[in-house]
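1. Kindly return the folded structure for what I paste below:
(one chain, ligands or ions: 3)
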Amino acid sequence: MGGASIKVLREKVFDKSRWMQLPRDVIIGHNVLGEIPSVCRDLNLGSRALLIAGEHTMGIAGERIAALLGETCEVETCVTHGNSLEEIAAVEKAGASADFMVGVGGGRVIDTAKIVSYNLDRQFISVPTAAAHDGVASSRATVPSPEGNVSLSAHPPIAVVADTGIIAAAPRRLLASGCADIISNYTAIQDWELAHRLRGEPLSEYAMALSKMTAEITVKNAAVISAHTEESAWMVMKALVSSGVAMSIAGSSRPASGGEHKFSHALDRIAPGQALHGEQCGLGAIITMYLHGGDWRWIRDSLKKIGAPTTPAGLGISDETAVEALLAAPSIRPERFTILDMGLSRERAEAIVRMLYEE
Ligand SMILES: NC(=O)C1=CN([C@@H]2O[C@H](COP(=O)(O)OP(=O)(O)OC[C@H]3O[C@@H](n4cnc5c(N)ncnc54)[C@H](OP(=O)(O)O)[C@@H]3O)[C@@H](O)[C@H]2O)C=CC1
Ligand SMILES: O=C(CO)COP(=O)(O)O
Ligand SMILES: [Zn+2]
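-> Ligands and ions are numbered 1, 2, ... in the order given. Next up is the predicted model:
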């Protein structure tokens, strides 16, 4: 035994650590908005609340929650119109003297509440009014930047309160978008495995297994989900929370975001406001599954079953825009290696987009 082999042994000492932050209370079900004051008391959140909601969601649930909280707390309300850094700064100013925040609405409102509470070191409650994205319970926040959307570290909500009555009453398209965001976990995982094989990126088997199982359960229940009942809202919301937990276990959005998300982020830059996040990711997942050599028709048919779009026309964008987004995807978060970072040519991108219209 020489000194060299002893050195090798020392280098193998286990020195890994990870801080996984998860929500403490998760309440999903019929008429659960009324539980919010009890949640605040249970978690000892304080007596001054800042309630953040969007233009529509303030009326849909925000005002009701403000009235409920108002019985025991001082409540300030703030309507946001997006999640730009300027918007976040304005909400942060409004929340300076609050003890805790309540984010009521879609993904952009919840991400705003997530970042503001993180920056101000306060807790926040996530109250999704639609099942349209899997950021409801995650510890990540996605915000726009000139280089494309960036994923920031934040902390997860201390509590999630998801009222299935409100979620079931939301437009159908929002629920289908949430399912598409989850179905895109299939390709996100394939991209992660690719990055592991080609670049040695570490994997989290638990995060991958949870993310994949979430997608499998969603597809298996497509018939129930497409009925668009309160039971559908219940199923999808549980899947969205699980997918968010997978991200928290991984400490990044890797288990739920690969090339299909880079395509979606590129679309947000090239054609902002045309389609929903999950819808864009679903279309991206058909394409990246094809590039991985997997069963892309099965992804497409699963999306069709739940009523999500499967072509650029279905997203309200032109085929050329879809091609541009595929070619621009590698410039978004270049450190996140995916199948779209392997050198897709314009000619092939055009052919793949044409293929999407095949019956
Ligand atoms: N942090 C994370 O881990 C993740 C973050 N995301 C991010 O989330 C965002 C996407 O979220 P998404 O919810 O799709 O988009 P938005 O937050 O833009 O919401 C879409 C629209 O739905 C409206 N809406 C919400 N609930 C209802 C309802 N019950 N009835 C009628 N309208 C309603 C909103 O109203 P209003 O005008 O009031 O806001 C808004 O106009 C993206 O920014 C994406 O990057 C996505 C996945 C994961
Ligand atoms: O949308 C997400 C997961 O569904 C979050 O992923 P990003 O890190 O790509 O924003
Ligand atoms: Zn997503």
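
2. use CA for all of it now, contacts and neighbours both
-> OK.

3. can you pull out the strands in the chain?
-> Counting by DSSP state E, the segments of the chain that form strands are 25-29, 48-54, 74-80, 100-105, 123-128, 140-143, 150-153, 159-163.

4. Run through the residues that contact the nearest residue to Lys304 once chain neighbours are set aside.
-> Distance criterion CA to CA, 6 or more residues apart in numbering; nearest residue to Lys304, sequence neighbours excluded, is Thr310 at 6.9 Å. If you count contacts by CA atoms under 8 Å, 6 or more residues apart in numbering, Thr310 has them with 282-283, 286, 300, 303-304, 356.

5. What parts of the stretch 201-350 of the chain come near ligand 1?
-> Selection of the stretch 201-350 of the chain residues close to ligand 1 by CA under 6 Å from any ligand atom yields 276-277.

6. near ligand 2, which residues of the stretch 201-350 of the chain show up?
-> 253, 256-257, 261.

7. cool, the stretch 1-150 of the chain as well?
-> 134, 142.

8. which regions of the stretch 1-150 of the chain lie under the pLDDT threshold?
-> 1-11 (pLDDT under 70).

9. Name the residue of it that lies nearest to ligand 2.
-> Among all residues of the stretch 1-150 of the chain, Thr142 sits closest to ligand 2, at 4.7 Å; criterion: CA to the nearest ligand atom.

10. Quick one: residues contacting that residue.
-> 111, 149-152.

11. And the spatially closest residue to Ala176 that is not a sequence neighbour, how far from ligand 1?
-> Take Ala176 and drop its neighbours on the chain: the residue closest to it by CA to CA, 6+ apart is Ala308, 5.3 Å away. Separation of Ala308 from ligand 1 (CA to the nearest ligand atom, to the nearest Å): 13 Å.

12. can you check Glu216 too?
-> Counting by CA to the nearest ligand atom, the gap from Glu216 to ligand 1 is 18 Å.

13. Can you get me a residue count around that residue?
-> 17 (other CA atoms under 10 Å).

14. Name the spans of the stretch 151-300 of the chain whose pLDDT lies under the cut-off.
-> For the stretch 151-300 of the chain (pLDDT under 70), the answer is none.

15. can you map out the helices along it?
-> 164-169, 172-183, 185-199, 205-220, 222-226, 230-250, 259-270, 277-291, 296-306 (DSSP state H, counting those that start in this stretch).

16. For the nearest residue to Glu92 once chain neighbours are set aside, give me its contacts.
-> Distances taken as CA to CA, 6+ apart place Val116 nearest to Glu92, at 5.4 Å, with adjacent residues excluded. By CA under 8 Å, 6+ apart, Val116 lies in contact with 88-89, 91-92, 95.

17. In contact with Val136, which residues?
-> Val136 neighbours (CA under 8 Å, 6+ apart): 107, 110, 126-128, 160, 240-241, 244.

18. Equivalent analysis for Ser242, please.
-> When contacts are taken as CA under 8 Å, 6+ apart, Ser242 is in contact with 210-211, 214.
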